[in-house]
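*Asks:* sequence plus predicted model, see below.
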Amino acid sequence: MVRECDLLIVGAGVAGLTAGLFGARYGLNTIVADKLMPGAQIINVENIQNFPGFPEGISGAELGPIIQQQAMAAGAEFVYEEIEGVVQFPDHKMVKGDSEQYKAKAVIISAGSELRSLGVPGEETFEGKGVSHCASCDGPLYMKEEVAVIGTGDSGLEEALTLTEYVSKVYLVSKSEGLTGHKALQNEVRNNSQIEILVNTEVLNIYGEDSVKGIITKNTKTNLENDFPVSGVFIYVGLNPNSDTYRGLLKMDNTGHINVNLQLMTSVPGIFAAGDIRENSSSQLISSAGDGATAAIAAFNFIAGSN
């Protein structure tokens with residue numbers, strides 16, 4: 001079955017949700033497709049403190065549905081669909097989903113990113129058995145125990161702070177000389193007595209039996225190895241864009257981020273990219289929302305100019 005629409009949006013993170021809101025408000029027949037619930041990866045974030053309008057912060061599980069409600073009220077439709085490919089035709093795009101196909105005048109790709117793996121022994125073995133990527137989901141499993149957080153960007157710092165609500169101690173592991181997240185988060189972390197920061201430190205191995213028992217680390221300055229007995233390891237070492245589906249169709253940089261112009265149009269007219277899947281994204285929720293609005297308005301102008 002082929003469904004027709006003006007605008008098909010791939011991905012229901014903040015960029016896709018905002019694109020759905022603006023596309024619908026501009027009068028476009030708009031469909032937002034994602035295999036996950038609206039909000040995508042942010043649904044696991046316990047407290048988002050840097051999204052305007054929420055001085056006390058807001059959880060990702062609340063923010064995603066709020067934006068979805070706005071988009072639906074404007075007329076956007078949401079479908080649970082995994083997008084498997086896009087084919088360009090002179091006057092439209094055919095978007096293949098795992099259950100239906102969509103004929104669209106314009107497409108916005110806001111499929112986001114996936115967490116990058118650490119790439120050390122034990123990581124895959126103990127996935128779900130002590131290795132985690134969600135402090136609010138799994139933190140309660142380690143009540144009064146010691147855990148490690150690998151990565152000191154915004155996500156790592158936020159999750160380390162969340163974990164202190166449950167665990168007795170967090171080892172925050174940084175390969176660099178210090179922390180790399182926002183200054184406000186750095187200050188919170190440094191002032192939290194439950195967090196011990198390990199700088200110039202890389203993880204060599206995650207070990208255990210039926211579940212994680214600890215990590216082996218090496219100081220990159222002294223080459224000394226240490227054993228830290230921990231019950232959980234939370235990994236936040238960056239993101240890889242979910243762009244493999246579009247290789248061969250769209251131009252990308254050497255990291256897989258999609259090339260765009262100022263209107264967020266890709267190398268294929270009528271296909272736009274928004275959020276952290278595009279090149280030079282700041283990977284912040286507020287900029288993703290801005291991307292969604294920009295891409296939707298650009299899609300409207302493209303469709304209007306094509307008619």
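*Replies:* Done, it's in. Numbering: from 1, shown residues only.

*Asks:* residue 294 reaches residue 264, doesn't it?
*Replies:* Yes: the criterion here is CB atoms under 8 Å, and residue 294 meets it with residue 264 at 5.5 Å. Quick note: C-beta positions are derived from backbone N, CA and C, even for glycine.

*Asks:* higher neighbour count, those two?
*Replies:* residue 264 (27 against 21; other CB atoms under 10 Å).

*Asks:* quick one, what contacts the more buried one?
*Replies:* Applying CB atoms under 8 Å, 6 or more residues apart in numbering to residue 264 gives the contacts 272-274, 278, 291, 294-295, 298.

*Asks:* inside helices: which ones of these?
*Replies:* 291, 294-295, 298 (DSSP state H).

*Asks:* residue 161 touches residue 192, doesn't it?
*Replies:* Yes: using CB under 8 Å, residue 161 is in contact with residue 192, at 6.6 Å.

*Asks:* which one of these two has more residues nearby?
*Replies:* residue 161 (22 against 15).

*Asks:* from residue 228, how far off is the more buried one?
*Replies:* Plainly put, residue 161 is 19 Å away from residue 228 if you go by CB to CB, to the nearest Å.

*Asks:* now do the helices in the stretch 51-200 of the chain.
*Replies:* Counting by DSSP state H, counting those that start in this stretch, the stretch 51-200 of the chain has helices at residues 60-74, 135-138, 154-163, 183-190.

*Asks:* so which of those helices gets nearest residue 18?
*Replies:* Among the helices of the stretch 51-200 of the chain, helix 60-74 comes nearest to residue 18, with 6.4 Å by CB to CB.

*Asks:* just checking, what packs against that closest one?
*Replies:* Judged by 3 or more CB pairs under 8 Å, 6 or more residues apart in numbering; DSSP states H and E, helix 60-74 is in contact with helix 14-25, strand 77-80.

*Asks:* buried ones in stretch 212-232?
*Replies:* For stretch 212-232, the neighbour count (16 or more other CB atoms under 10 Å) marks 212-218, 228, 230-232 as buried.

*Asks:* give me the neighbour count for residue 69.
*Replies:* Residue 69: 13 neighbours (other CB under 10 Å).

*Asks:* show the pLDDT at it.
*Replies:* pLDDT recorded at residue 69 is 96.

*Asks:* check contacts around it.
*Replies:* Contacts of residue 69 by CB under 8 Å, 6+ apart: none found.

*Asks:* next: the one 5 residues further on.
*Replies:* Under the criterion of CB under 8 Å, 6+ apart, the contact partners of residue 74 comprise 20-21, 24-25.
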